[in-house]
Each structure stands twice: as C-alpha cells, then as structure tokens.
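Colleague: need a structure here:
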Amino acid sequence: MDDGRRGGRAAGDRTWRGSARLAVGCALGFGGVTLLVDWDAGTLTPVRALLWATLSAAVLVMLLPARVTAGPGWLAVRGPLRGHAVRTDCLVSIGQYGDVSAHLVLRDTAGNRLELDPNVLHANPLLWHELDTGVRRSLDRGTLRRGTEVLARLGHEIDDTNARAVLKASGLT
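Modeller: Residues are numbered from 1 along each chain as shown. Coordinates of the predicted model:
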C-alpha cells in the first residue's frame, strides 16, 4: 500500500508536529524534574538515572500522538510502536465507539482494521476529503455495508465547523 513515500500524493495531519513537541516537552520535563529531585535528595545513582530515563521514554511513548496520513484509496495511522492502514476504496464497515474519547474503527475487505480519532479529521480537511472520496468508491463498489450514517454525521459536523470558521474569519458572526 502506498504510504506517500514513493512520490504519491499524500495528505498528513497538520497538527501532529505541535502535539509531538508537547509530548517531547512533557517527557523531558518529567525526566528533568525527577533527576533534579533525586539529585537534590542525594540519592541519584547511575541505576536510578537509567530508571528515570526509561520512565521518561515511557511517558513519551504514551503521549506521542499517532501520525495520520492518507492518499488516493488508503488511510494510515502510525503510532510510536506500530502502524495500521486500510484501503478506503474497499471499506466493509465503519463504527464510532466511545462518548468522551470517541474513535472511528474502519475495516476493509482484506481484513485490515484501523482506529482513528475523529478530531484529526475535523482539524485536517485534506484527510477528510481523502477518506470521503474512498468511502464513496466503497459505496459505488457495494463493499461498504455498515457505518454510512456515522460518516454522514461526521461529515455534517466537519462542514458545520468549517462554515463557522469561514463566517468568523469573514467577520459575519
């Protein structure tokens, strides 16, 4: 599957860098404070320094957001440890789970499964466009049987958000 590195056209999450910087800052802050407190207490040893560095790396892995990219017919989510990709033009089902921390679950005909935070689609119209285009192809092919109402609702939310942003930028609200 093309992931955008072979010269293909790919859209990416434009908020990822800021979120990644925040995650790195939090991990470095945690590591720095723990080392400083341990050093000030006079209990810092090489083993304890290694422990704090390891815990800081764990904090980074937990806070680092997944990187989302999309292109014609595919969507990929790459986390710090592993990645997942689906063919958006061959989707079988789409589901949305959770209320507070909602996430989309996409499945394609090859059995691939991907989880995605819908806020990423809200913040990135190009990712939304690639997903929507792929979903339309899945509908035309007849593979998508469940979840069209989820994407219709999400599409309305994204359109409403974009319309409000345009009206605010133009000074009409």
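
Colleague: can you give me the strands in this structure?
Modeller: Shown for the chain, the strands assigned by DSSP state E span residues 11-12, 67-71, 74-78, 83-87, 91-97, 103-108, 113-116.

Colleague: got TSV for these, with mean pLDDT, distance to residue 160 and mean neighbour count too?
Modeller: Just so you know, the C-beta spots here come from the backbone N, C-alpha and C atoms, and that holds for glycine as well. Output for those, formatted as TSV (pLDDT from 0 to 100; distance: least, CB to CB, whole Å; neighbours: other CB atoms under 10 Å):
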stretch	mean pLDDT	distance to residue 160	mean neighbour count
strand 11-12	86	21	18
strand 67-71	94	21	22
strand 74-78	95	23	22
strand 83-87	95	26	20
strand 91-97	91	17	19
strand 103-108	93	18	20
strand 113-116	93	20	18
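
Colleague: I'd like these written out as JSON lines, with distance to residue 24 added.
Modeller: Output for those, formatted as JSON lines (distance: least, CB to CB, whole Å):
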{"stretch": "strand 11-12", "distance to residue 24": "18"}
{"stretch": "strand 67-71", "distance to residue 24": "14"}
{"stretch": "strand 74-78", "distance to residue 24": "17"}
{"stretch": "strand 83-87", "distance to residue 24": "20"}
{"stretch": "strand 91-97", "distance to residue 24": "29"}
{"stretch": "strand 103-108", "distance to residue 24": "24"}
{"stretch": "strand 113-116", "distance to residue 24": "23"}
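
Colleague: Can you pull the domain assignment for the chain?
Modeller: The chain breaks down by automatic domain parsing into domains covering 11-63, 67-169.

Colleague: Of the ones you listed, which shows the lowest average pLDDT?
Modeller: With a mean of 90, domain 67-169 has the lowest mean pLDDT of those.

Colleague: So what's the gap between it and the chain middle?
Modeller: Centroid separation between domain 67-169 and its chain, computed with CA atoms, centre = their mean, to the nearest Å, is 10 Å.

Colleague: do stretch 158-173 as well
Modeller: With CA atoms, centre = their mean as the basis, stretch 158-173 stands 24 Å off its chain's centre.

Colleague: in it, what counts as buried?
Modeller: Neighbour counts over stretch 158-173 (16 or more other CB atoms under 10 Å) mark residue 158 as buried.

Colleague: which residues touch it?
Modeller: For stretch 158-173, contacts defined as CB atoms under 8 Å, 6 or more residues apart in numbering pick out 121, 122, 125, 128.

Colleague: what sits against the last one?
Modeller: By CB under 8 Å, 6+ apart, residue 128 lies in contact with 121, 122, 155, 158.

Colleague: now with 6 Å?
Modeller: 121, 158 (CB atoms under 6 Å, 6 or more residues apart in numbering).
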